[in-house]
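Visitor: give me a 3D structure for the following:
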Amino acid sequence: MTGYKAVFKRAFPYTIPVLTGYLFIGIAFGVMYAEKGYSCWWAVLMSLVVYAGSGQYLAVNFFVPGISFLQIIFMTLMVNVRHIFYGVSLLERFNRIGKKRWYMIFALTDETYSLLCTTKVPGDVDAEKFLFAISLLDQSYWVLGSFIGALAGTVIPFNSEGIDFAMTSLFVVIFVEQWMERKNRIPELFGVGVSLICLLIFGAGSFVLPAMLGIICILFAGRARLEERGEETCR
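Guide: I've put the predicted structure just below:
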């Protein structure tokens, strides 16, 4: 059995790309949050118990008059509905993790999902501890970035216009990284194609949910053929 200290040391190098991304987009979130007049500790608390990435960016706008509870529910669902499909693809893997699966489910962000799906666990460490370490390290980077940004935002005047684009930039980087690593890019092409079609049909404000449903249906229907082509699956 490998101790957690050794496991975290082995997991850390795999999470460095997430560290560089989360630190900066966490700082951007913290700055936006502090601009609303809230203490840096509220930003830290939100990153600890909510930990929703783009959902937290969206939540910053919930603290203004005129936003109804139903609007909050609908907007949060639209932004984070993709996590349902992440979870479905990891059910088998998480069932083998034991009690830690509850935290793993909570900590399943886009970047963590990407690491869990593409990282090969070293043979000399416990797989359960290794995956747990990746998830916990990723969240610690987000919390640290949120704290730094919120603290800086309370003492330094910032113009945060356009700062929320940092999250979009990170998604683009993740997509490009996946595109470069894979030989079979059919899933990515389907994702882009379905998203563009849904964008044209439903508009920018409503295309996310139908696009995600369309993508997951196509990938489930063609899963056997993709596996025959050697496409990696997350399990």
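Visitor: who touches the helix or strand that contains M212?
Guide: Secondary structure here is read from DSSP states H and E; on that basis M212 sits in helix 208-221. Helix 208-221 is contacted by residues 77-79, 81-82, 85, 88, 187, 190-191, 194-195, 197-199, 201-202, 226 when judged by C-beta atoms under 8 Å, 6 or more residues apart in numbering. Yep, even glycine has a C-beta here, placed from its N, CA and C like the rest.
Visitor: identify the residues contacting the nearest residue to A52 once chain neighbours are set aside.
Guide: Spatially, and ignoring its direct neighbours in sequence, A52 is nearest to N80 (6.3 Å; C-beta to C-beta, 6 or more residues apart in numbering). N80 is in contact with A52, S54, G55, counting by C-beta under 8 Å, 6+ apart.
Visitor: so how many other residues sit close to the second one?
Guide: If you count neighbours by other C-beta atoms under 10 Å, S54 ends up with 20.
Visitor: I figured it hits V79, correct?
Guide: Yes - assessed by C-beta atoms under 8 Å, S54 is found in contact with V79 at 5.5 Å.
Visitor: now, of the contacts of helix 208-221, which are buried?
Guide: If you count burial by 16 or more other C-beta atoms under 10 Å, the buried members of the contacts of helix 208-221 come out as M78, V79, R82, F85, P187, F190, G191, V194, S195, C198, L226.
Visitor: which among these gets closest to F62?
Guide: Closest approach to F62 among those (C-beta to C-beta): V79, at 11.7 Å.
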